[in-house]
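Student: Provided below are the primary sequence and the corresponding predicted coordinates.
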Amino acid sequence: MRSEQIMNRIGFTIFLFAVAAGAYAHHSAAPHFDMDNPITVEGVITELRLVNPHAYVYFDVTDDAGEVANWRCELSGGTGMRRRGWTDDSLVPGQAFTMTGAPARREERVCYTNFMEFEDGARIARNDPPPGFEAAAAVEDTPAVSQGWAAYLPNGQPNLGGPWVRQGMGGMGPAPGGMGAPPGGGGPGAAAPGGMAGGAPGGGMGGGFPAPTDAGLAAAADYEQPFDDPAIPCHPANIIVGFTHDSHVNDFYQTDDTVSIQYGYMDLVRTVHLDQTEHPDDIVPSVGGHSIGRWDGDVLVVDTVGFEQGVVFPLGDGLMHSADMQVTERFEVRDEGQTLVRAYVAHDPAFLQTDWVGESVFQRTSEPYRPYNCTELSGDNNRRPAPE
């Protein structure tokens, strides 16, 4: 029975990791909203909050008895909406509209936005530009490429500095040759476990994820994604998926002795110490861990340990990593300084049956890093109900 349970959970986990990026939002929304039973509500807008991880539109609905109740419906992330032309004034208080969406599973007068229709006939979907925005002037989800960055710094180091944004929405296939896995790993150039081309949604990861060990399954036994997803308390989950999540702009700051990485997602900051060859003994566990780096020719090799136990992938039953996970990354600037390739191997034999291997590709961008400023507005719909 135990063996059958483990295999069922592993099979379900692998299925989730193989989902295409375009379906990621639907699958992550399903635990929170009843996607199979859409509703239509007429109301008058009271407020628009363009925040991360999800923006919300608030509106008053008057029932047949004349009673007025305030609703809120979830939109996509505020950063992405602003790239598509949205501003704080795109929806005006007092504006009448019709909302079509999916009702929240655990809270009344809350929904997931599918479409908004306005009195002038405009109809916009969740990921469209705002009403009245000229399509020809629409800002793309992926910022423009920035030109004018030198490939090398005066000290001879490759120039990692400046803002970068992920290319595309899927994985990049197997890790590049010469990656060099930690002991027990797949070895140089090994394909990512599972062999699922295209990568897991939202991560730019080649080959999906490894299956959990029995200890990894036990660690996830009490995990419930609707309530324990790291994004709910504004937590970046881990250094790998957080680096590519929703294609936020990441910024690098480089000196002779350090490389600081400012994540666009959840505002995580990592410092890579180039002047250290060993990790200290008194690391305080954290989501970012402690990173030391060295130059291997033009490639920055980063070794990170000292993690707090956390989630590799938050959907479904959750895939956990232990506090003993070790991550090796290789950052290489290509195309005369315009492309950054980040390859990684996460070694965690306690919770993962094989190494987690992949790579993601970024381009220089003219869009600067903008603080994520996480403001979670999901309310009771994402809070675990108190025991009766």
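Tutor: Received, thanks. Numbering: from 1, shown residues only.
Student: now the strands for the stretch 101-250 of the chain?
Tutor: In the stretch 101-250 of the chain, the strands defined using DSSP state E, counting those that start in this stretch lie at 110-118, 123-125, 162-166, 250-254.
Student: ditto for the stretch 251-388 of the chain
Tutor: Per DSSP E, counting those that start in this stretch, the stretch 251-388 of the chain has strands spanning 258-262, 269-273, 290-296, 299-305, 310-313, 319-321, 326-334, 339-347, 356-364. These are given in chain order.
Student: most tightly surrounded among the ones you listed?
Tutor: Using mean count of other CB atoms under 10 Å, the stretch among the strands of the stretch 251-388 of the chain with the greatest mean number of neighbours is strand 319-321 (a mean of 27). C-beta here means a position set from N, CA and C on the backbone, and glycine is covered the same way.
Student: the closest residue to Gly162 other than its chain neighbours: neighbour count?
Tutor: Using CB to CB, 6 or more residues apart in numbering and skipping residues adjacent in sequence, the residue nearest Gly162 is Trp149, 5.8 Å away. By other CB atoms under 10 Å, the residues close to Trp149 number 15.
Student: how about Trp149, what does it touch?
Tutor: Counting by CB atoms under 8 Å, 6 or more residues apart in numbering, Trp149 touches Asn159, Gly161, Gly162, Gly337, Gln338, Arg364.
Student: hmm, the fifth one is touching Gln363, no?
Tutor: What that stands for is Gln338. Yes. Taking CB atoms under 8 Å as the definition, Gln338 is a contact partner of Gln363 at 6.3 Å.
Student: wait, Ala125 touches Asn114, no?
Tutor: Yes. Contact criterion CB under 8 Å: Ala125 and Asn114 qualify, at 6.9 Å.
Student: so those two - more neighbours on which side?
Tutor: Neighbour comparison, Ala125 and Asn114: the larger count goes to Asn114, with 17 against 10 (by other CB under 10 Å).
Student: contacting residues for that one?
Tutor: Residues Pro38, Thr100, Gly101, Ala102, Ala125, Arg126 are the ones in contact with Asn114 under the rule CB under 8 Å, 6+ apart.
Student: what of Gly77?
Tutor: Contacts here follow CB under 8 Å, 6+ apart; on that basis Gly77 touches Asn52, Pro53, His54, Ala55, Asp246.
Student: now Ala65: phi and psi?
Tutor: phi -90, psi 0 (degrees, to the nearest 10).
Student: so what's it scoring on pLDDT?
Tutor: We note a pLDDT of 93 for Ala65 in this prediction.
Student: nearest residue to Leu48 in space, please, no chain neighbours.
Tutor: Spatially, and ignoring its direct neighbours in sequence, Leu48 is nearest to Leu91 (4.4 Å; CB to CB, 6+ apart).
Student: which element is the one you found on?
Tutor: Leu91 is located outside every helix and strand, with elements delineated by DSSP states H and E.
Student: just give the number of residues close to it.
Tutor: The burial metric for Leu91, expressed as a neighbour count using other CB under 10 Å, is 22.
Student: got a list of what it touches?
Tutor: Contacts for Leu91 (CB under 8 Å, 6+ apart) come out as Ile45, Leu48, Val57, Phe97, Pro130, Pro131.
Student: and it, what pLDDT?
Tutor: 96.
Student: hang on, the earlier thing: mind giving me a markdown table with the contacts of Gly77 and columns for distance to Arg370 and pLDDT?
Tutor: As requested, these are exported to a markdown table (distance: CB to CB, whole Å; pLDDT from 0 to 100):
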| residue | distance to Arg370 | pLDDT |
| --- | --- | --- |
| Asn52 | 10 | 96 |
| Pro53 | 14 | 94 |
| His54 | 16 | 95 |
| Ala55 | 14 | 97 |
| Asp246 | 13 | 87 |
